[in-house]
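In: I would like to see how this sequence folds:
(chains A and B)
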Amino acid sequence: MDFESPDVEKDFPGLYASESGRKSNESDFSDGADHEKPSKKDLLGRRKEKKEKKDRGYAALEGESSPEEDTDTKSVHFINFMALPIFGVPLAQSVERSRCHDDTGLPLVVRDSIDYLQAHGLKSNQIYRTEPDKIKLQQLKKLFTDRGPTFPYHWDVPVACAMLKTFISELPDSILTQELHGQFEQATAIAEPQREATMLALIAKLPPHNYSLLGWLMRHFECVVANEQANHANIQTIMTAMGPALNMSLNLLTYLVSKAEKLFPDVQLTKYVPPLASIPPDFPETAPELNLELRKQESLLNQIHAEMHAGFITPARDQQLWEAQRIVTQLKRKLRSVQKSVEPQNSLQPQHASLDERHEHKTEDEPVRRNSQPSQPSAPLQMPVEAQVTPQEPPEVKTPNEPFLDPKESPSQEPIFEAEFEDNFEFKPEIPIKETPEQELPPAEPIKEKPKLTEKELKVLRLELENAEYLQLKSLLQAKINSEQFEIVKLRSHVALKNKAEGAQTTKETKENNIQDEQELRQRLIKENALLEQKRINLINQIFQERVACIQLKIELAMKEILSKS
Amino acid sequence: MKDVCSCLEPRVKCRTMSKKPAAQPTLHKVIMVGSGGVGKSALTLQFMYDEFVEDYEPTKADSYRKKVVLDGEEVQIDILDTAGQEDYAAIRDNYFRSGEGFLCVFSITEPESFDATQEFREQILRVKNDENIPFLLVGNKSDLADKRRVPLDSCRERAQHWQVPYVETSAKTRDNVDKVFFDLMREIRSRKSDDSRATNGDVKGKKRRKIKCAIL
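Out: So this is what the prediction gives:
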């Protein structure tokens, strides 16, 4: 049994359209079962067509092929399904392919790493010192390359440091750019009053992405060094770890870090909030919030489109495209209704003509195009749109692993999940709570507050809190499911490749010999697997019980806080 | 919390997932195509929210989801409302690929939009490479009968030529709005069940062939 080396997966991460893949696909993908088939056909088509007409546009790569023609051996037909690399490509390209959707212009991998270190690394004496677990690092790197979601267990301090280092050292060009690099180094020799001015001038010449990356790194290092008491990391430590990757002299690095605040005044290390995977029912209905989220979502949508044009096309990606589009539509509708309720009816608002609002102004002054009749009296205005949607949306579909979700909890939104940008921040609020105040909580009996809030209000409050918690849990789980689907696709492609390889080589001779041994082995493995499966299920159950307990405690805590405030 | 995650590692759960294919209702993906201003968005919004929009604002792309009961079965419909304008053609193509059925809309008051359906049809067939893709030809604005400029016969003729159904709708009066969406979903559904049957047969056929090879 020769397994493919792991890098094969890297080279052929696509879904193989072999019959084994096709067969097993029928039952997998709990939510994708229905639209799987057409896309599989697409895959078949693309493979075949790719062979014949390589240089036609991607639209031409679609189509069906009969299985008979599907006999080509494994050569690289699957470029279409490969996520375009984000490591080892020019910075601008990396940002283009996987960026933060909040105008910082940072590659997601850098932002996530810095965010993690800012949150968990500043007090750690491992920071920029300890070697990472290589496997963990590879795994994380692959996740970023595949645009998969990352979760807290993928991260630790050394891995986050190494992630930054890897990303930077694999950049083809210096952060300081080829042209300016030398000038930066020379500038360190200048005497002080001029030095800062020179540096500022040089920094101003950097391309925007380089500026962001450099600024974030330096501001981050600044924080690391400021915590030297706790983490015992000084500039020398950082130099040792990152110097070669950054390709900077100690002098330059020291200078940039020590003056980071002056040199990069507009860089604020804020935690990244990725585009929402779904709009929660309690999403603030105010124009600024909606606009902010809309911008993120549109940035995401543009990125998906761009990547599709570049050939990164997978069923999961297609799905994500529809979902992002749906959220954008939803946000626009909300925005419209918010704006409508704010603005008096008769004032046309040219500034949001760009957001294609179609049903905003019921003023019938100039019915464009052919709709010259007065507006339909029976047609309800769109004000109650949200209210209308709500009853139509049946309860959330529960995924197998979330038995605690109350169906009424997510009334107006579909289960929309986007693997890519669901990340560990979901956990952030939980971790600190869990570590510190929670322990003190249980003894705290239901406090007999002077009931400023009535019993009923309290109940509602509690339910709302609970709701929020579960929603969070849900989106987390759904992100995981999504990542698993991605994994399935991966694994299947692996299997398909293997099958093919085996089918080619080992059809005849090896068969008889191996049958006996193989069967024994299989029996044993099946038994073991069953046992492990049982254990796993038990564990999962336990975890969920604990999770619920956690949530209860968190609610208790929040309640207490609210009460103490009021 | 960390344990939770590691225990739900993707690999481990594959099997569990595959056992629950019916967790979510079937999803049908419908795409609205047609020239600008023929009423794609109006049809969509009428179907989604029972609202009719008087003023015209070109769509770039919008997507909606709704749960409906199709012949007693609860299904979800995803509607992608595309741009009629060529400016957004690039974006449109990304969606065409994953669409399962198409409502090709024109306005019965505008012959140009009727002519354009030809091109949309070709585009779809090119992307999907499938003559039998679920497809409805929809003549909208049937309430404006007095302004009709595309004869009913031409419409029927074209539909027959393509071997697709032809339906006239009015987004304004809601006439036939539900019908076009539901008819299309039925086509998609039957197409899907045909497909899965064909695929199954195919797999078997292929297997048989392969076994023979091995014996040889």
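In: burial check on A:Ile190, number of neighbours?
Out: Residue neighbour count, defined by other Cβ atoms under 10 Å in any protein chain shown, stands at 13 for A:Ile190. From N, CA and C alone the C-beta is placed, and that goes for glycine too.
In: give me the distance between it and A:Gln183.
Out: A:Ile190 sits 11 Å away from A:Gln183, going by Cβ to Cβ, to the nearest Å.
In: quick check: A:Lys262 is in a helix.
Out: Yes - under DSSP: H, G, I helix; E, B strand; the rest coil, A:Lys262 sits within a helix.
In: OK, contacts around it?
Out: Neighbour list for A:Lys262: A:Glu196 [criterion: Cβ atoms under 8 Å, 6 or more residues apart in numbering or on different chains].
In: give the rounded mean pLDDT of the host helix or strand of B:Glu187.
Out: Per DSSP states H and E, B:Glu187 falls inside helix B:177-215. Mean pLDDT, helix B:177-215: 71.
In: over to stretch A:249-263?
Out: Averaged over stretch A:249-263, pLDDT sits at 88.
In: check stretch B:39-53 too.
Out: Averaging pLDDT along stretch B:39-53 yields 92.
In: pull that stretch out as PDB, backbone CA atoms only.
Out: Written as PDB, here are the backbone C-alpha positions of stretch B:39-53 (Å, rounded to 0.1, in the frame of the first residue of the first chain):
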ATOM      1  CA  GLY B  39     -38.400  43.000 -15.400                       C
ATOM      2  CA  LYS B  40     -36.100  40.300 -14.000                       C
ATOM      3  CA  SER B  41     -35.800  42.000 -10.700                       C
ATOM      4  CA  ALA B  42     -39.400  42.900 -10.600                       C
ATOM      5  CA  LEU B  43     -40.400  39.200 -11.200                       C
ATOM      6  CA  THR B  44     -37.900  38.200  -8.500                       C
ATOM      7  CA  LEU B  45     -39.100  40.700  -5.900                       C
ATOM      8  CA  GLN B  46     -42.700  39.900  -6.600                       C
ATOM      9  CA  PHE B  47     -42.000  36.200  -6.100                       C
ATOM     10  CA  MET B  48     -39.900  36.800  -3.000                       C
ATOM     11  CA  TYR B  49     -41.700  39.500  -1.200                       C
ATOM     12  CA  ASP B  50     -44.900  40.200  -3.000                       C
ATOM     13  CA  GLU B  51     -43.800  43.600  -3.800                       C
ATOM     14  CA  PHE B  52     -43.800  45.500  -7.100                       C
ATOM     15  CA  VAL B  53     -41.200  48.000  -7.800                       C
END
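In: tell me the buried residues in that stretch?
Out: Within stretch B:39-53, the residues that count as buried by 16 or more other Cβ atoms under 10 Å in any protein chain shown are B:39-49, B:51-53.
In: now distance to chain A too, for those residues, in JSON lines please.
Out: Shown next, in JSON lines, are the buried residues of stretch B:39-53 (distance: Cβ to the nearest Cβ, whole Å):
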{"residue": "B:Gly39", "distance to chain A": "9"}
{"residue": "B:Lys40", "distance to chain A": "11"}
{"residue": "B:Ser41", "distance to chain A": "6"}
{"residue": "B:Ala42", "distance to chain A": "8"}
{"residue": "B:Leu43", "distance to chain A": "12"}
{"residue": "B:Thr44", "distance to chain A": "10"}
{"residue": "B:Leu45", "distance to chain A": "7"}
{"residue": "B:Gln46", "distance to chain A": "8"}
{"residue": "B:Phe47", "distance to chain A": "11"}
{"residue": "B:Met48", "distance to chain A": "8"}
{"residue": "B:Tyr49", "distance to chain A": "6"}
{"residue": "B:Glu51", "distance to chain A": "5"}
{"residue": "B:Phe52", "distance to chain A": "4"}
{"residue": "B:Val53", "distance to chain A": "4"}
